[in-house]
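Asks: give me a 3D structure for the following:
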Amino acid sequence: MARRRTLPPGRERPARRIASSTPLHASRPETVPAGRPVSHGPRLARIGVWTALAAGPLALMVALAAPSGTVAQAAPAPPPSAARPQADPAGTAAHFVELWLRADAAAPDSLVGAAVRAMAPQAELPARAREARAPEAVRVTALRTVRLPGGGWTVTVAAVTDEQHEPAPGTGTTDSAVVVQPAVRYFAVSGTGGKDDGPLVITGSPAEVSAPEAAPAGTPVFDRPVPSTGPLTVSLGDFLRTYLAGTRGQGAGLERYLSPGVRLTAPTAASYARVEVKDVAADTEPAGGKDVPVDGTKARVRVRVEGEDRAGTRWPLEYRLTVTARAGRWEISALDTGSPAPTPAGVASPSATAGGPR
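Replies: Residues are numbered from 1 along each chain as shown. You can find the predicted model right below:
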């Protein structure tokens, strides 16, 4: 056996290099243009995409592994209950008086008598004479409601009935003739109930009372008299004659007396053959002048007229209006009817000209 030769320390032979085989297809070196920085954008974008994909399942696993807990949330406080309105007893009282005036104690089980007892179990029915009859026409209107302590109330109503009367001596009528005349009576109806819009009950028969007192007249607003021959009186007379002429007034062109943008409708049931202005008063001094003031001057007026219908009956009427001066004449800007203010018309009224109607 051949002995292996050992060399002294420090003189060992270098290890033989094993030649590596050159690959058959060498990779093409990456060519980078000189003078330009290398862009790492695509590589960072790929890294971001893979990170997002890897984080999806990981986040899902963490969510499933985390202990589930319930978040306490305060329940919303219920809204405060709105106070329900108190029932209005005016209509019930008026209906009760109308039925009571038609009822008869001799027929308590009739439809009218049963209706009265249903509304007021303690009410007593009128006991009519044998020859007397219930009124043929009854019109009842509630006038005033007074609330009482403890939930009670009292309603005053007015009843207009057709009462039968014996003819007055010296009237020329026969003794057997019966005269039917309208009569106005006032009743007070008391009851309880109606809280929170609940049911109402009448506690007894109505009490016949006097007419309610009227409030004292306030300070007059229309304290400037307007002359009967002034331009304002003439314009108001022309307007009211057209307004009260019924359907003919609408056809005659009511808009010619109105300010631009004002719309009024004449009453269709009115048909007066003649309308006469009796008195005009205003709340401003310029309204009573002999000449029309500058454009834009406004005034409120009160007009009293007398209208005569086709049958010859004369009706005293009173109107309150607002007038505006424009182009040398007075125009109607508003008519107090208790309804909302007139709405602007789609087409303005024709231009005003001096004088009365055009």
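
Asks: for Pro316, list each beta-bridge partner.
Replies: Taking DSSP bridges, one finds Glu306 as the beta-bridge partners of Pro316.

Asks: what number of residues lie near Arg128?
Replies: The burial count assigned to Arg128 is 14, neighbours taken as other CB atoms under 10 Å. Every residue, glycine included, has its C-beta placed from N, CA and C.

Asks: ok, it touching Asp104?
Replies: Yes: Arg128 lies in contact with Asp104 (CB atoms under 8 Å); the separation is 5.3 Å.

Asks: any common contacting residues for those two?
Replies: Ala134 (CB atoms under 8 Å, 6 or more residues apart in numbering).

Asks: where do the strands of this structure begin and end?
Replies: Per DSSP state E, the chain carries strands over the ranges 138-147, 152-165, 179-193, 200-202, 207-209, 224-225, 272-282, 298-309, 314-326, 329-335.

Asks: what is the third one packed up against?
Replies: Think strand 179-193. Packing contacts for strand 179-193, counted by 3 or more CB pairs under 8 Å, 6 or more residues apart in numbering; DSSP states H and E, involve helix 90-102, strand 152-165, strand 200-202, strand 207-209.

Asks: try it again with 10 Å
Replies: Contacts defined by 3 or more CB pairs under 10 Å, 6 or more residues apart in numbering; DSSP states H and E place strand 179-193 against helix 90-102, strand 138-147, strand 152-165, strand 200-202, strand 207-209.

Asks: and that strand, average pLDDT?
Replies: Averaging pLDDT along strand 179-193 yields 90.

Asks: and what of the second one?
Replies: Across strand 152-165, the average pLDDT comes to 89.

Asks: which elements pack onto that strand?
Replies: Packed next to strand 152-165, using 3+ CB pairs under 10 Å, 6+ apart, are helix 90-102, strand 138-147, strand 179-193, strand 207-209.

Asks: so what strands line up beside it?
Replies: Partner strands for strand 152-165, per DSSP bridges, with pairing direction: strand 138-147 (antiparallel), strand 179-193 (antiparallel).

Asks: right, so of these, which gets closest to Val221?
Replies: strand 138-147 (25.2 Å; CB to CB).

Asks: would you reformat the strands of the chain as JSON lines and include mean neighbour count and distance to Gln122?
Replies: JSON lines is the format used below for those (neighbours: other CB atoms under 10 Å; distance: least, CB to CB, whole Å):
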{"stretch": "strand 138-147", "mean neighbour count": "14", "distance to Gln122": "20"}
{"stretch": "strand 152-165", "mean neighbour count": "18", "distance to Gln122": "14"}
{"stretch": "strand 179-193", "mean neighbour count": "16", "distance to Gln122": "11"}
{"stretch": "strand 200-202", "mean neighbour count": "19", "distance to Gln122": "8"}
{"stretch": "strand 207-209", "mean neighbour count": "12", "distance to Gln122": "14"}
{"stretch": "strand 224-225", "mean neighbour count": "14", "distance to Gln122": "57"}
{"stretch": "strand 272-282", "mean neighbour count": "17", "distance to Gln122": "51"}
{"stretch": "strand 298-309", "mean neighbour count": "18", "distance to Gln122": "48"}
{"stretch": "strand 314-326", "mean neighbour count": "16", "distance to Gln122": "45"}
{"stretch": "strand 329-335", "mean neighbour count": "21", "distance to Gln122": "49"}
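
Asks: with distance to Arg263 as added columns, please give the ones you listed in CSV.
Replies: Shown next, in CSV, are these (distance: least, CB to CB, whole Å):
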stretch, distance to Arg263
strand 138-147, 31
strand 152-165, 35
strand 179-193, 37
strand 200-202, 42
strand 207-209, 44
strand 224-225, 28
strand 272-282, 22
strand 298-309, 18
strand 314-326, 14
strand 329-335, 11
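
Asks: quick one: closest of those to Arg256.
Replies: strand 329-335 (9.3 Å).

Asks: could you check the angle strand 298-309 makes with the closest one?
Replies: 80 degrees (axes from the mean of the first three to the mean of the last three CA atoms, to 10 degrees).

Asks: packing partners of strand 329-335?
Replies: Under the contact criterion of 3+ CB pairs under 10 Å, 6+ apart, strand 329-335 touches helix 231-243, strand 298-309, strand 314-326.

Asks: so which of these gets nearest Arg147?
Replies: strand 314-326 (32.4 Å).

Asks: next, the angle from the closest one to helix 231-243.
Replies: Using the same axes, to 10 degrees: strand 314-326 against helix 231-243 is 120 degrees.

Asks: model confidence over strand 314-326, on average?
Replies: pLDDT averaged over strand 314-326 gives 96.

Asks: with only the CA atoms kept, save that strand in CSV.
Replies: Extracted in CSV, the C-alpha atoms of strand 314-326 (Å, rounded to 0.1, in the frame of the first residue of the first chain):
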residue,chain,number,x,y,z
ARG,A,314,-133.8,96.0,-2.3
TRP,A,315,-130.8,94.5,-0.5
PRO,A,316,-128.4,96.7,1.5
LEU,A,317,-124.9,95.5,0.9
GLU,A,318,-121.5,96.6,2.3
TYR,A,319,-118.1,95.9,0.7
ARG,A,320,-114.5,96.6,1.9
LEU,A,321,-111.8,96.9,-0.8
THR,A,322,-108.3,98.0,-1.4
VAL,A,323,-107.8,100.4,-4.3
THR,A,324,-104.6,101.6,-6.1
ALA,A,325,-104.1,104.7,-8.2
ARG,A,326,-102.6,104.0,-11.7
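
Asks: and the strands paired with strand 152-165 as CSV, adding distance to Glu124?
Replies: Listed next are those as CSV, based on distance: least, CB to CB, whole Å:
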stretch, distance to Glu124
strand 138-147, 19
strand 179-193, 14
